[in-house]
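# Following is a predicted model, sequence given first.
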Amino acid sequence: MNRLPRIEQYGLIGDTQTSAHVCDDGSIDWLCLPRFDSPAVLAGLLGTQKHGSWQLAPAPSPGRSAEEVVTERRYRGDSLVLESVWRTPTGAVRVLDFMPPRDGAPQVIRMVEGVTGEVQMVSALRPRPGYGSVSPWIHEVGGRMVAEAGADALWLDTCVQQVEKDGVVVSAFAVAAGQSVAFVLSWCPSHAAAPDVPDPEAALAETLAFWQDWTQACAYDGPYREPVIRSLIALKAMTYGPSGGIVAAPTTSLPEEIGGGRNWDYRFTWLRDASTTLAALLGTGYRQEARAWRRWLLRAVAGDPENLQIMYGIMGERDLRERELPWLPGYEGSSPVRVGNGAADQLQLDVYGEVIETLYLAHQSGVAHCADTAVLHQRLVEHLVQRWQEPDEGIWEIRGARRHFVHSKVMAWVAIDRTIRLIEAGALAMELGPLVELRETIHHEVCTKGFDPVRNTFTQSYGSAALDAATLLIPSTGFLPPDDPRVIGTVDAVRRELGTPDGLVRRYPTIGDRAGVDGLKGDEGAFVLCSFWLVDALALTGRLDEATNLFERLLMLRNDLGLLAEEYDPALGRQLGNFPQAFSHMGLIQSARLLRRLVAQRAAAPGAAAAPALRPPSRRSQPACPDRTSQHA
């Protein structure tokens, strides 16, 4: 049988500098070293295991399929230590996969522990640096196996025998109850001395302690604490610790449509994604991340806000040129596989609003404006004043003609509004009058040119009949109050025209084999973040029970480890797009916080009806077989 794992069959491990994707059949199929945006040394996720993989599983035996998957898996406590249990006819083993947070060499540690009986195990590491394009020189040095190619060296250490065969490092061994075997894969520059071998048990204890200490700072204590904590951990795992930059996702080219070409590299720091992620972290008590991101922002933008990019590298790099990797066939044949991202050169006016909103929220949360931030803020506003009337590529990074997107104009209004609030609070020294006048000008234009009075809805862009789920943010931004008839009409129109049969939401219309407004052919799944936006819009417009029900359906879309991709295909019942996606987990956190607050307010209102009970969710366990037919929520 062909091995075609679904996206949701993967778990994530990471060290806040890079990460690895571990499938429930025991194979690590995606690993970039030493950073999120480094070339993958294991790229089987975008091809086959021959493009790089590390299988660690019970050895096949007569009557047992080589494609069997783990019996159960979970994260150990509130951590990113993945624990998988295999039960075989001869016994059971537990495998712990983790990456210790580090100052030195990045390491992937895999520990096999005997639980009952005795189990024959096989480790097969197939390193393929350069996104699966290079077969390294594999040899033994002082009893250690090393794979070298160009600038990269991968060292594999274990206490059991290792042999190299046809470019694969293989270890066959048995583990009985009470025994353990550890494997440590370390990366270092090929010219450097060999990295030290850690004590796996000590590394495990340090990794668990790191995550426990971090999660204890969470200020959210509502009924959805488990999904909120898991989402926070995912966001922290996507934060590049040395700089504070946050990647949109740790993968590239996982498709928005199986077999389609909507495949993009998300291993960079979008101002928009990072800003909204920081808002979720700030709302749950994490101020240090906000300070680190603000320092990253100052370095990335530097003294050149007039040439603000909508995304940067995780250390603030500006050159993110896009190219294709023709030797990789893509996930389930979805090509092309791309690295780099050409959208870095786009004009997206909404990012000014997201960045300034985050600076405002940071100030509200006690992260005081510093002098350097104030200078940057002022220059960003001055530049926005000059450009807000231009058409742009918008939040969805269209590759067609620029338009006057309603969401972009609303976020320009947000940038001016939050600036006015900071001036009034004494945190910024700028002239107030012209900004107040501009805020009113933008508001009037959007309500005049971006609103369809016949259908009672805001549209995607000026003069367009198409809708856009981003207009669901109008009430949460404060652009209009939630009880405004235009807001309610927009929510209803988006549900009607962009909704799926089970209540999820698409971003905007696509038209299959013809290029749509985004300049691309093909379709896509329901956008998870937009569906959380619908939760928020329903809740704010007084439909709290509907919002709660939708939120709990969305929780059921997570995989068995609590992870969400960018999109979900209701027809196929599977996750789509890069995985895990910061946007999706940010949306979950924000919706959980909003529901908790509004339910409490309704319960406290005099004469209020009984508030809906917010129930801790029972996440649906995803069936494991790659060819399964999964029910949608």
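That came through fine.
# what about Leu564, distance to Glu226?
In this view, Leu564 and Glu226 are 14 Å apart by C-beta to C-beta, to the nearest Å. (Glycine included, C-beta is placed from N, CA and C.)
# So which elements touch whichever strand or helix holds Val487?
In this assignment (DSSP states H and E), Val487 forms part of helix 485-498. In terms of contacts (3 or more C-beta pairs under 8 Å, 6 or more residues apart in numbering; DSSP states H and E), helix 485-498 is packed against strand 457-458, helix 474-477, helix 528-540.
# Figure out which of these is closest to Thr358.
Closest to Thr358 of the helices and strands packed on helix 485-498 is helix 474-477 (C-beta to C-beta; 13.0 Å).
# mean confidence score for the helix ranked longest in the chain?
Ordering each helix of the chain by length in residues (DSSP state H) puts helix 582-604 first. Mean per-residue pLDDT for helix 582-604: 94.
# Go through that helix and flag the buried ones.
For helix 582-604, the neighbour count (16 or more other C-beta atoms under 10 Å) marks 582-596, 598-599 as buried.
# that older thread, between Leu564 and Glu226, tell me which one has more neighbours.
More crowded of Leu564 and Glu226, by other C-beta atoms under 10 Å: Leu564, with 30 against 14.
# Can you tell me how far the residue nearest to that one when sequence neighbours are not counted is from Cys530?
What sits nearest to Leu564 in space, not counting adjacent residues and going by C-beta to C-beta, 6 or more residues apart in numbering, is Ser584, at 3.9 Å. As judged by C-beta to C-beta, Ser584 and Cys530 stand 10 Å apart.
# just checking, Arg295 touches Gly245?
No: counting by C-beta atoms under 8 Å, Arg295 does not reach Gly245; the two are 10.1 Å apart.
# the more surrounded of the two?
Gly245 (28 against 15).
# so what's the more buried one up against?
For Gly245, the residues meeting the contact criterion (C-beta atoms under 8 Å, 6 or more residues apart in numbering) are 239, 269, 274, 293, 296, 300, 312-316.
# export the residues you listed to TSV and tack on secondary structure and pLDDT?
As requested, these are arranged in TSV below (DSSP: H, G, I helix; E, B strand; the rest coil; pLDDT from 0 to 100):
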residue	secondary structure	pLDDT
Thr239	strand	95
Thr269	strand	94
Ala274	helix	85
Trp293	helix	85
Trp296	helix	88
Ala300	helix	85
Tyr312	strand	93
Gly313	coil	95
Ile314	coil	95
Met315	coil	93
Gly316	coil	92
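# which among those gets closest to Pro89?
Out of those, the member with the shortest distance to Pro89 (by C-beta to C-beta) is Thr239, at 43.0 Å.
# Name the nearest residue to the closest one, sequence neighbours excluded.
Closest to Thr239 by C-beta to C-beta, 6+ apart is Ile246, at 4.9 Å.
# Quick check on that neighbour: phi, psi?
Torsion angles at Ile246 (phi, psi; degrees, to the nearest 10) stand at phi -120, psi 120.
# Could you do Ala466 as well?
The phi/psi pair for Ala466 (degrees, to the nearest 10) is phi -70, psi 150.
# doesn't Gln460 make contact with it?
Yes: applying C-beta under 8 Å, one finds Ala466 in contact with Gln460, separated by 4.5 Å.
# rewinding a little: when you compare where the helix holding Val487 runs with where helix 528-540 runs, what's the angle?
140 degrees (axes from the mean of the first three to the mean of the last three C-alpha atoms, to 10 degrees).
# In helix 485-498, which residues are buried?
Result for helix 485-498 [16+ other C-beta under 10 Å]: buried residues 486-495, 497-498.
# With stretch 406-419 instead?
Buried residues in stretch 406-419, defined by neighbour count with 16+ other C-beta under 10 Å: 406-419.
# Specify which member of those residues is nearest to Arg439.
Nearest to Arg439, judged by C-beta to C-beta, of the buried residues of stretch 406-419 is Ile416 at 4.6 Å.
# so what's that closest one closest to, chain neighbours aside?
Among residues not flanking Ile416 along the chain, Arg439 sits closest, at 4.6 Å (C-beta to C-beta, 6+ apart).
# since we're on that neighbour, how many residues are nearby?
Per other C-beta under 10 Å, the neighbour tally for Arg439 reads 18.
# cool, Glu140 as well?
12.
# Show the pLDDT at it.
In this model, Glu140 carries a pLDDT of 94.
# Would you agree it falls within a strand?
Yes: per DSSP: H, G, I helix; E, B strand; the rest coil, Glu140 lies within a strand segment.
# Give the bridge partners for it, please.
With beta bridges defined as DSSP bridges, Glu140 has these partners: Met145.
# how far out from the middle of the chain is the helix holding Val487?
Offset of helix 485-498 from its chain centre (C-alpha atoms, centre = their mean, to the nearest Å): 27 Å.
# Put the alpha carbons of the helix or strand Pro434 falls within into CSV.
Assigned by DSSP H and E, Pro434 belongs to helix 432-449. As requested, the backbone C-alpha atoms of helix 432-449 are provided in CSV (Å, rounded to 0.1, in the frame of the first residue of the first chain):
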residue,chain,number,x,y,z
LEU,A,432,-4.1,65.1,17.1
GLY,A,433,-6.4,67.2,14.9
PRO,A,434,-5.4,66.0,11.4
LEU,A,435,-5.6,62.4,12.5
VAL,A,436,-9.1,62.8,13.9
GLU,A,437,-10.2,64.3,10.6
LEU,A,438,-8.5,61.5,8.7
ARG,A,439,-10.2,58.8,10.8
GLU,A,440,-13.5,60.3,9.9
THR,A,441,-12.6,60.5,6.2
ILE,A,442,-11.6,56.8,6.0
HIS,A,443,-14.7,55.8,7.9
HIS,A,444,-17.0,57.7,5.6
GLU,A,445,-15.3,56.4,2.4
VAL,A,446,-15.5,52.7,3.5
CYS,A,447,-19.2,53.1,4.5
THR,A,448,-19.9,54.8,1.2
LYS,A,449,-17.8,52.9,-1.4
